[in-house]
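Asks: I'd like to go over a predicted model; first the sequence, then the structure.
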Amino acid sequence: MYDFPKEILEAWAVHEALRRLGFLPEEIFVSMDNPEGFLFVVLIAQEKTFGINIGKPSFSEEEFFGLWEKFTNGLATFPDEFLQNAWDNSVIRTKTPEFVMALLQKGFSMMPGGIKSLN
């Protein structure tokens, strides 16, 4: 029904995790703007930068823009089960402690209670 590459779903899950931790959407960027062609989610907030490498996708940077736009434009219409399944099966959800520790070690402050929202 909704067929998106796993890297798009993982990028959304990382974006969602950062939002749940209290970061603003305008502080979170998804990019393939690097010579190696890796997909990154980048947080620029609190005068710091933090990048999460999603991996090297099978699609090009040009294809990425279309896929990401299609996904984000569809967010309001996707069934809750689809998004919950994408969240439940994401790598970032299974690596919550490591993810949060990395942000804390980098010096980021998070919304009180935000960590609970990652369950």
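Replies: Good, I have the coordinates. Numbering: from 1, shown residues only.
Asks: low-confidence ranges, the chain, go.
Replies: Within the chain, the stretches with pLDDT under 70 are 1, 112-119.
Asks: spatially central residue for it, please.
Replies: residue 14 (2.3 Å; C-alpha atoms, centre = their mean).
Asks: in a helix, that one, correct?
Replies: Yes: assigned with DSSP: H, G, I helix; E, B strand; the rest coil, residue 14 falls within a helix.
Asks: which residue packs closest to it, ignoring adjacent ones?
Replies: Nearest in space to residue 14, with sequence neighbours left out and distances taken as C-beta to C-beta, 6 or more residues apart in numbering, is residue 41 at 4.2 Å. In this view, the C-beta of every residue, glycine as well, is placed from N, C-alpha and C.
Asks: bridging across strands, which residues link to that neighbour?
Replies: The residues paired with residue 41 through beta bridges, assigned by DSSP bridges, are residue 30, residue 52.
Asks: next, count neighbours for it.
Replies: When counting by other C-beta atoms under 10 Å, one arrives at 22 neighbours for residue 41.
Asks: ok, it touching residue 54?
Replies: Yes: taking contact to mean C-beta atoms under 8 Å, the distance of 6.4 Å between residue 41 and residue 54 places them in contact.
Asks: overlap in contacts, these two.
Replies: 11, 14 (C-beta atoms under 8 Å, 6 or more residues apart in numbering).
Asks: got phi/psi on residue 36?
Replies: Geometry field for residue 36 lists phi and psi as phi -80, psi -10, criterion degrees, to the nearest 10.
Asks: from residue 56, how far off is it?
Replies: 7 Å (C-beta to C-beta, to the nearest Å).
Asks: over to residue 101?
Replies: Counting by C-beta to C-beta - residue 101 and residue 56 are separated by 25 Å.
Asks: secondary structure class for residue 101?
Replies: Three-state assignment for residue 101 (three-state DSSP): helix.
Asks: next, count neighbours for residue 48.
Replies: The number of residues packed near residue 48 is 11, by other C-beta under 10 Å.
Asks: correct me if wrong: it contacts residue 107.
Replies: Yes: Residue 48 sits in contact with residue 107 when judged by C-beta under 8 Å, with a separation of 6.0 Å.
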